[in-house]
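Any chance you could fold what I've pasted below:
(chains A, B, C and D)
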There are 2 protein chains.
Amino acid sequence: MVSRADGPTTGPTIHDVARSAGVSTATVSRALRGVDRVSPDTRDRVLRAALSLDYVASPTATSLATGRTGVVGVLAPFLSRWFFAHALDGVEHTLRTHGLHLLLLNVGSQPSAEPLLDEVRLRKRVDALLVVSRDLRASEVALLSALHVPVATLGVDVGPWDRVGVDDAAAGDTAMTHLLELGHRRLAYVGGDVEQDVHVATAVQRLVGVRRALRRKGVDPARVRVVVGDWTVAGGLAAGDAVLGQPCPPTAVLAASDEMAIGVLLAARRRGVRVPEELSVMGVDDHELAWTHDLTTVAQPVEALGAAAAKLLVDALAAPVGALRRERRVVTLTTSLVVRGSTGTAPA
Amino acid sequence: MVSRADGPTTGPTIHDVARSAGVSTATVSRALRGVDRVSPDTRDRVLRAALSLDYVASPTATSLATGRTGVVGVLAPFLSRWFFAHALDGVEHTLRTHGLHLLLLNVGSQPSAEPLLDEVRLRKRVDALLVVSRDLRASEVALLSALHVPVATLGVDVGPWDRVGVDDAAAGDTAMTHLLELGHRRLAYVGGDVEQDVHVATAVQRLVGVRRALRRKGVDPARVRVVVGDWTVAGGLAAGDAVLGQPCPPTAVLAASDEMAIGVLLAARRRGVRVPEELSVMGVDDHELAWTHDLTTVAQPVEALGAAAAKLLVDALAAPVGALRRERRVVTLTTSLVVRGSTGTAPA
DNA sequence: TTGAAAGCGCTACCAA
DNA sequence: TTGGTAGCGCTTTCAA
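This next block holds a predicted model:
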């Protein structure tokens, strides 16, 4: 242990180990990393010395020498929302398994132009980047590309990068099909705000699926009332209120997220509308508390999505350096219908 | 732009800037960091050169030279649970504001002895450490201490470090007082599993507060049935079921968390027990979905807790190096009663 | 198989 | 105020 003038106590360095083992630092480096040829005997001596000194190589020094940091940056617009928190779990687990670190950055929900998600903070700090459910404008895509590291996206189709997500159209289709098969024909869809929204694509795609289901069943898509929520319970509540307050209210409401669906449920309860006798409500996600509201939904495998996204980056980093411009990889995981008590056959 | 043999394209270095500005690298370093005296003219030239080259100092090189990484490690047992996700939001925001990065590590919920939260991964990687709601055994405390960096804890009182949290006893007291003032005398408390649990202290302290309230009101603490949940809705459901199934069931149940309280609510609903007419239920936290169940609770300022914890570390890092062993700092934020519809006066 | 030494890019000390 | 230069701790040729 050596004391430095600035900062905390610094541990033993590779020189200490070299001296203690009676070899050169080059040999210590090789022995400890298990690469290159080192005689079993020498290796043993080095390992023993390192162990007894409680030596750990300095990550910064290694980074400077190799050009790799062993860190993956994760960019997300919210950290506390259900989807992100769970996806993060999967990402973290996978990265840790592969010996990588996770640098977390909240980039805000607005695809802003100004601070341009200060990429400066990322420059040479991370080996790869994961963008979680955040739309990016062209300038931002360019900025991230300029980092010259592998990038992957989760839940959004933006940039020329690898990506993972669910088939949102299929999810919307599955949900709407469920409602149609229960006989509902007076329908409403609560989507995200198409104006300024981080999940534009998601909301739009789910609606595409909804329309597809309608057409397949021979129902005019125009019959579905489309209102906007803002992906929150409060937004769903407001949307539900608006829809249920109309002259000829729908018998079924599909919300693009469970949280909004719960809002619709609350709106119904406040108005004394019985669920599912008079109104069926369903969402998408299978939020961990969805079942506490007995909410029918279309589940997406969030942790698995996070894990898959991380794996994409792990692979990219493992690839031989020269392997430039491989095929773009797109991983799509499947969603599944979860029927609970909030949906039932259409009232007569 | 220079191409390196291994790895991605490397940006311009300090030498490029120095050459371009016609000064030494030392001057570039000084000018760019704004420390030390540099003539306005020179500074200007350097800044201009750096800008036109799109130069950003290599964080690894800086770290190696200064001994500081600009990174704070955050250790948490779960990433997806409500409390952690929200606390993380506060932490991230504060760190970012102060130019620090957040390295996220899931250390698992079990105060395990074996992999001993592989501190090796943290050695020399972080300037400071934040432990979020995770009990640590003595060996783990020693391990983290050996890192020789400032440490703070959030939501747990462990180790000799700075910490922030709420007054859990006060929260329990507040909650129980509310129920007592509504006239309830047949009571139950759903706490965490005292055996193997990450939040032992939290559960225990809240119970301490509960007992304090009881004594103050002249009620025998022994009258309160104490059952264990596991901090989940399912656990609360099971606990609620057990309690409500007894011969002389309580008229009010206090759960140590909102999620467990929601479970109790579900148990009541399944048994046809009306809330709040026949049974009052309340929790602690003010989970973001608590209001969707009209749950009375004691709110804790989670984001603020995270922010405060991060601030503790920011301060510690800003302190002059010699400032060893200051007073231990303990920040306690206050909780507040949030009355909703799940509690009412005790039935006759 | 091993060692010497040249970097990696930046900071900080000491002179000028 | 500025420049020269010696590290920071590790990896990686190139020789031996």
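
What residues does A:Gly263 make contact with?
With contacts taken as CB atoms under 8 Å, 6 or more residues apart in numbering or on different chains, A:Gly263 has the following neighbours: A:Gly229, A:Thr232, A:Val233, A:Ala234, A:Gly235, A:Gly236, A:Leu237, A:Ala238, A:Ala239, A:Gly240, A:Ala255, B:Thr292. For every residue, glycine as well, the C-beta is placed using N, CA and C.

Now do the same for the closest residue in space to it that isn't next to it in sequence: helix, strand or coil?
Closest residue in space to A:Gly263, ignoring its immediate chain neighbours: A:Gly236 at 2.3 Å, by CB to CB, 6 or more residues apart in numbering or on different chains. Classification of A:Gly236 by DSSP: H, G, I helix; E, B strand; the rest coil places it in helix.

I figured A:Gly236 was touching A:Gly191, is that so?
No: contact between A:Gly236 and A:Gly191 fails when scored by CB atoms under 8 Å: they sit 10.7 Å apart.

of these two, who's got more company?
Between A:Gly236 and A:Gly191, counted using other CB atoms under 10 Å in any protein chain shown, A:Gly236 has the larger neighbour count: 31 against 26.

so A:Leu104 is in which element?
Secondary structure from DSSP states H and E places A:Leu104 in strand A:101-106.

same thing with A:Ala169?
helix A:168-181.

neighbouring contacts of that helix?
Contacts with helix A:168-181, where a contact means CB under 8 Å, 6+ apart, come from A:187, A:201-202, A:205-210, A:212-214, A:216-217, A:219, A:252, A:254, A:256, A:280, A:282, A:284, A:296-298, A:300, A:334-337, A:339, A:343.

If any of these are buried, give me the ChimeraX selection for them.
When burial is assessed using 16 or more other CB atoms under 10 Å in any protein chain shown, the buried subset of those is captured in ChimeraX by this command:
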select /A:187,201,202,205,206,207,209,210,212,213,214,219,252,254,256,280,282,284,296,297,298,300,335,343
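
between A:Gly236 and A:Gly191, what contacts are shared?
Overlap of the contact sets of A:Gly236 and A:Gly191 (by CB under 8 Å, 6+ apart) consists of A:Gly229.

sorry, back to before: can you name the residues that contact the residue nearest to A:Gly263?
Listed by CB under 8 Å, 6+ apart, the contact partners of A:Gly236 are A:Val190, A:Gly229, A:Ala255, A:Ser257, A:Glu259, A:Met260, A:Ala261, A:Ile262, A:Gly263, A:Val264, A:Leu266, A:Ala267.

rerun at 7 Å
With contact set as CB atoms under 7 Å, 6 or more residues apart in numbering or on different chains, A:Gly236 has these partners: A:Val190, A:Gly229, A:Ala255, A:Glu259, A:Met260, A:Ala261, A:Ile262, A:Gly263, A:Val264.

Also A:Met260?
Residues near A:Met260 by CB under 7 Å, 6+ apart: A:Val190, A:Gly229, A:Trp231, A:Gly235, A:Gly236, A:Ala239, A:Gly283.

go with 10 Å
A:190-192, A:227-240, A:253-254, A:281, A:283-285 (CB atoms under 10 Å, 6 or more residues apart in numbering or on different chains).

Equivalent analysis for A:Lys311, please.
With contact taken as CB under 10 Å, 6+ apart, A:Lys311 is in contact with A:Gly90, A:Val91, A:Thr94, A:Leu95, A:Thr97, A:His98, A:Ala152, A:Asp162, A:Val164, A:Arg329, A:Val331.

ok, and the most crowded of those?
A:Val91 (30 neighbours).

quick one: that one and A:Glu303 touch, right?
Yes: when contacts are counted by CB atoms under 10 Å, A:Val91 is listed as touching A:Glu303 (8.9 Å).

Chain A: helices as residue ranges?
For chain A, the helices defined by DSSP state H cover A:14-21, A:25-33, A:40-53, A:59-66, A:82-97, A:138-145, A:168-181, A:200-216, A:233-244, A:258-271, A:302-318.
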